[in-house]
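**Q** When you get a sec, could you give me coordinates for this:
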Amino acid sequence: MATSLIIVKFLNTLNYQGYNHYELVKVGDNMKKILIADDAMFMRNALKVMLEKNGFEVVAMVDNGRDAVTLTNELKPDIVTLDITMPQLNGIEALKEIKALNPNITVVMLTAVSGDMAIRECIESGANNFVVKPFREEKLLDILLKG
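**A** Prediction:
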């Protein structure tokens, strides 16, 4: 078992009564590595901020399905979030390729596409969960923490 590390995480640049504010965060074996795949940069960045402040390690952010497959294979994250609508390789095709390479990896579809057919195809292709945008932060975190 790896030894847990204590990391000092800078919370903000406010200087309150001459002191900078820091938060001690204990991380170790339970810190989940995650890869974010979404064609919208604002969504990738928003997810990164949300996940990192909640103890996840974002190992990569990509804007297309082809890079999601390649980097998932190289970096071996615990969880992958995939949008359905992405260039080069859509999220469903990326899901199929990722699951073929690693059937045990957790993949959460995080998309604005919400039709029954899309949901069914994702689940049949191996998605562990399906979250429709916009989503509540608590709901997504609950799903990812169970992943």
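
**Q** only C-alpha atoms for contact and neighbour calcs from this point on.
**A** Fine.

**Q** how far away is residue 140 from residue 88?
**A** 26 Å (C-alpha to C-alpha, to the nearest Å).

**Q** between these two, who's got more neighbours?
**A** Neighbours were counted for residue 140 and for residue 88 using other C-alpha atoms under 10 Å; residue 140 has more, 17 against 12.

**Q** for that one, what are its contacts?
**A** Contacts for residue 140 (C-alpha atoms under 8 Å, 6 or more residues apart in numbering) come out as residue 131.

**Q** Helix or strand: which one has it?
**A** helix 137-146 (DSSP states H and E).

**Q** tell me the mean pLDDT for that helix?
**A** For helix 137-146, mean pLDDT rounds to 89.

**Q** Same check on stretch 101-118?
**A** 91.

**Q** And that stretch, what's buried?
**A** For stretch 101-118, a neighbour-count test (16 or more other C-alpha atoms under 10 Å) marks 105, 106, 107, 108, 109, 110, 111, 113 as buried.

**Q** Specify the local secondary structure of the third one.
**A** The three-state assignment at residue 107 reads strand, by DSSP: H, G, I helix; E, B strand; the rest coil.

**Q** who touches stretch 48-57?
**A** Stretch 48-57 has contacts (C-alpha under 8 Å, 6+ apart) with 27, 31, 32, 33, 34, 36, 58, 137, 141.

**Q** Look up which residues are beta-bridged to the fifth one.
**A** Which is residue 34. Beta bridges link residue 34 to residue 58, residue 79 when assigned by DSSP bridges.

**Q** wait, doesn't it sit right on residue 72?
**A** No. Between residue 34 and residue 72 no contact is recorded; they are 9.2 Å apart, counting by C-alpha atoms under 8 Å.
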